[in-house]
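Novice: Provided below are the primary sequence and the corresponding predicted coordinates.
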Amino acid sequence: MTPDETTAYFTRADGSYLFARWGRPIVPITFGVLDETIAVLKGAIEALCVLTGHKMAETDPELGANLMVFFIQSWDELTETPNMDRLLPDLEPLVARLKAADANQYRAFRFDEDGGIKACFSFICMDDALRDVPAETLALNQMVQAMVLWSDTAFLGASPIGLVDGTAVLRPDVSSLLRAAYDPVMPVMAQDPSHALRLSARMAAEKVQ
C-alpha cells in the first residue's frame with residue numbers, strides 16, 4: 001500500500017483527513033439475529049482484537065456495551081423503536097436520507113475527550129443484496145468497518161474482505177494497516193495527513209521483517 005493509498009483510507013469526501021481508533025476496550029452487543037449469528041459477530045471482533053492487540057471487556061463502565069450492532073428489515077424500524085433517538089439525533093431526517101440513498105448499512109461513532117472511539121452504533125438493513133451474503137463475510141466486513149473511523153469513501157471501490165477457498169478473510173493490506181493503526185506509539189486520533197505517512201512507514205517495516 002502506497003502512502004497515497006493509505007492517506008485515501010482516511011480522507012473524507014470533503015477533503016479533510018480524520019482518523020480515530022478505539023480508546024477503550026470493546027464491549028459488543030448484537031440485536032435482531034439468532035444466537036449463532038451473534039457468535040459469528042463476536043468471533044469476528046475477537047479476531048480483529050487479536051490482530052491489532054486491542055482488548056475486549058465484559059462491560060464498559062460508562063456505557064455497558066459500546067459496540068452495538070442492529071440488524072433490521074427496514075429503516076422505518078428505527079423510528080418505530082422507543083428511545084432510538086437517544087442514540088441517533090435527528091433520527092427522522094437520517095432515516096429519510098438512508099431510504100433515499102437506498103443504503104443498507106449505517107454507522108454512528110461517539111468519541112472520548114482524546115478523540116478516540118468510545119462507542120459505535122452499527123445498523124445493517126437486510127436488503128436482497130445482504131441476504132445473499134454469508135454470515136461470516138457480513139460479520140467480518142461489519143467489524144472491520146467498526147475498528148477505526150474510515151473515510152466515508154474508503155471501501156466504495158473494493159471490499160476489505162477477500163475469499164480464500166470460500167472462506168472470508170481480511171485482505172492482507174487492510175490487516176497490515178489495522179496493525180499499524182493500533183501500534184501503541186500511534187495516536188488514537190489524527191487530523192493531519194502526515195499521520196498516514198507514519199502508518200505507511202510502519203507497514204513497510206512490517207513487510208521487511
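Specialist: Received it, and whenever you're ready, just let me know what you need.

Novice: wait, what's in contact with Asp173?
Specialist: Met1 (C-beta atoms under 8 Å, 6 or more residues apart in numbering). In short, each C-beta sits where N, CA and C put it, glycine included.

Novice: again, 10 Å this time
Specialist: By C-beta atoms under 10 Å, 6 or more residues apart in numbering, the contact list for Asp173 reads Met1, Glu5, Thr6, Tyr9, Pro160, Met203.

Novice: for Glu136, same thing?
Specialist: With contact set as C-beta under 10 Å, 6+ apart, Glu136 has these partners: Thr37, Val40, Leu41, Gly43, Ala44, Ile161, Gly166, Thr167, Ala168, Val169.

Novice: Are any of those residues buried, and if so which?
Specialist: Thr37, Val40, Leu41, Ala44, Ile161, Ala168 (16 or more other C-beta atoms under 10 Å).

Novice: Take those and write them to TSV, including pLDDT.
Specialist: TSV is the format used below for the buried ones among the contacts of Glu136 (pLDDT from 0 to 100):
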residue	pLDDT
Thr37	86
Val40	91
Leu41	92
Ala44	93
Ile161	89
Ala168	83
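
Novice: so of the residues you listed, which ones are in helices?
Specialist: Those of the buried ones among the contacts of Glu136 mapping onto helices are Thr37, Val40, Leu41, Ala44, per DSSP state H.

Novice: Would you mind measuring from the residue nearest to the third one when sequence neighbours are not counted to Asp60?
Specialist: Leaving out its chain neighbours, the residue that sits closest to Leu41 by C-beta to C-beta, 6 or more residues apart in numbering is Ala139, at 4.5 Å. With the distance defined as C-beta to C-beta, to the nearest Å, Ala139 ends up 21 Å from Asp60.

Novice: Have a look at these two and say which one is more surrounded.
Specialist: Ala139 (27 against 16; other C-beta atoms under 10 Å).

Novice: Checking that one next. Helix, strand or coil?
Specialist: Judged by DSSP: H, G, I helix; E, B strand; the rest coil, the three-state class of Ala139 is helix.

Novice: looking at it, it is touching Leu130, isn't it?
Specialist: No: contact criterion C-beta atoms under 10 Å: Ala139 and Leu130 do not qualify, at 11.6 Å.

Novice: Give the residues shared as contacts by these two.
Specialist: In contact with both Ala139 and Leu130: Ile124, using C-beta under 10 Å, 6+ apart.

Novice: what about Trp39, how many neighbours?
Specialist: Careful, residue 39 is Ala and not Trp. 14.

Novice: Tell me if I'm right that it and Ala139 touch.
Specialist: Yes: using C-beta under 10 Å, Ala39 is in contact with Ala139, at 9.4 Å.

Novice: what about Ala103, distance to Asp152?
Specialist: 12 Å.

Novice: got it, and Ser200?
Specialist: 21 Å.

Novice: neighbour count winner among the two?
Specialist: Set side by side, Ser200 and Asp152 show more neighbours around Ser200, with 20 against 13, by other C-beta under 10 Å.
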